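>>> quick one, structure for this:
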Amino acid sequence: QVQFVESGGGLVQPGGSLRLSCTPSGFTWGPYCIGWFRQAPGKEREGVSCINGEGNTYYADSVKGRFTISRDIAENTVYLQMDNLKPEDPAVYYCATGDGGAWLGYVEADNWGQGTQVTVSS
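Numbers count the residues shown, from 1 in each chain. Purely as a prediction, here's the structure:
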């Protein structure tokens with residue numbers, strides 16, 4: 001069972017930046033993805049971004065060009081740099097692991113973090 005330490009959420013003005021971090025324990029880098037989903041009240045959960053053991057990345061169309069996922073293998077930590085945050089970005093962001101298809105909605109992710117709130121407001 002993978003457990004996560006998540007941090008980095010908060011309140012930012014439109015156009016601002018935040019960086020989320022996620023440190024999984026019990027996770028082995030390989031073909032599986034680790035990354036973030038988000039869910040806002042009244043909206044469907046969305047796969048935001050993930051990165052796998054080969055360094056391949058996925059981004060939802062809604063965040064391409066604004067969000068960047070990266071990893072520090074030595075620290076076993078994944079980061080999501082979120083720039084130019086928009087009013088449509090607020091949500092609870094959940095770190096998760098699973099098959100890459102989970103971020104496309106084909107399968108469920110295997111393990112979930114507790115989530116961190118991102119709020120964008122002036």
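>>> for the protein, which residue is closest to the average position?
Nearest to the geometric centre of the chain sits W36, at 2.1 Å (CA atoms, centre = their mean).
>>> now A102, what's its secondary structure?
helix (DSSP: H, G, I helix; E, B strand; the rest coil).
>>> spatially nearest residue to it (excluding sequence neighbours)?
Nearest non-adjacent residue to A102, counting by CB to CB, 6 or more residues apart in numbering: A109, 4.2 Å away. (C-beta placed from N, C-alpha, C; glycine too.)
>>> quick one: the one you found and Y59, what's the gap?
16 Å (CB to CB, to the nearest Å).
>>> repeat that for A96.
15 Å.
>>> neighbour count: the two, which is higher?
Just comparing A96 and Y59: by other CB atoms under 10 Å the higher neighbour count belongs to A96, 26 against 18.
>>> tell me the contacts of the residue nearest to the more buried one when sequence neighbours are not counted?
Once flanking residues are discounted, A96 sits nearest to A109: 4.0 Å by CB to CB, 6+ apart. Neighbouring residues of A109 by CB atoms under 8 Å, 6 or more residues apart in numbering: 37, 96-99, 102.
>>> quick check: mean pLDDT across stretch 77-90?
Mean per-residue pLDDT for stretch 77-90: 97.
>>> re earlier: who does the residue nearest to the centre of the chain form a beta bridge with?
Taking DSSP bridges as the rule, W36 bridges to S49, C95.
>>> so it touches Q81, yeah?
No. Taking contacts as CB atoms under 8 Å, W36 lies outside contact range of Q81: 11.5 Å.
>>> anything in contact with each of these two?
I69.
>>> correct me, but N111 touches A96?
Yes. N111 is within contact range of A96, at 6.3 Å (criterion: CB under 8 Å).
>>> not counting sequence-adjacent ones, nearest residue to Q114?
Distances taken as CB to CB, 6+ apart put E6 closest to Q114, at 6.5 Å, once the chain neighbours are dropped.
>>> list the contacts for the closest residue to L85 other than its chain neighbours?
Distances taken as CB to CB, 6+ apart place V120 nearest to L85, at 4.8 Å, with adjacent residues excluded. Contacts of V120 were listed using CB under 8 Å, 6+ apart, and they are 11-14, 16, 85-87, 89-90.
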